[in-house]
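> Please work out how this folds:
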Amino acid sequence: LNPELDLGQLEGAFVMGLGLFLLESMTLDTRSGQVLTDGSNTYKPPMTKDIPIKFNVKFLRNAPNPIGVLGSKAVGETPVAVGACPMLALKRAIEAARADAGIGGWFPFHAPATVERIQQACVTDITHYTLGK
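Numbers count the residues shown, from 1 in each chain. So this is what the prediction gives:
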């Protein structure tokens, strides 16, 4: 009904997807079940610096939807799935890092793609770092 509202919905849902697929990870104590990531210093929702600077979006013009309410399209929370794209790009980067290390083949990579999971998936070895040498 209003392209500006649709754009806002799309951008907001994308950022929600970024949080879902890249940042937000709840960690529980395995013995007590207590939530360990219950504060802003341990639980990382998307912030203003996580929003892409360049965000290219185009809507189809003159594409009526005869079964939509007043001809509108669905732009609510469905674009959240688009937030998986950065995670899939990270998986490709990890595949390249693993190939550089001589490691091939399939590997599991689950959301959210936290820094710890990325490092584990890259199979980093501290002996490969040269730290001042």
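> What distance do you get for residue 118 to residue 62?
Counting by Cβ to Cβ, to the nearest Å, the gap from residue 118 to residue 62 is 43 Å. C-beta here means a position set from N, CA and C on the backbone, and glycine is covered the same way.
> out of these two, which sits in the busier spot?
residue 118 (18 against 4; other Cβ atoms under 10 Å).
> ok, the more buried one - contacts?
90, 94 (Cβ atoms under 8 Å, 6 or more residues apart in numbering).
> so what's it scoring on pLDDT?
For residue 118, the pLDDT comes out at 93.
> Quick check: which ranges of the chain have low pLDDT?
Within the chain, the segments meeting pLDDT under 70 span 1, 68-77, 131-133.
> For residue 10, give its distance to residue 39.
Residue 10 is 30 Å from residue 39, where distance means Cβ to Cβ.
> more neighbours, the two?
residue 10 (18 against 8).
> name the element residue 53 belongs to?
Counting by DSSP states H and E, no helix or strand carries residue 53.
> nope, residue 113 is what I meant
Counting by DSSP H and E, residue 113 is part of no helix or strand.
> residues in contact with it?
21-22, 87, 90-91.
> again, 10 Å this time
21-23, 25, 84, 86-91, 94, 121 (Cβ atoms under 10 Å, 6 or more residues apart in numbering).
> give me the number of residues near residue 43?
Residues lying near residue 43 (other Cβ under 10 Å) number 15.
> Now do it against residue 26, distance only.
According to Cβ to Cβ, residue 43 stands 7 Å off from residue 26.
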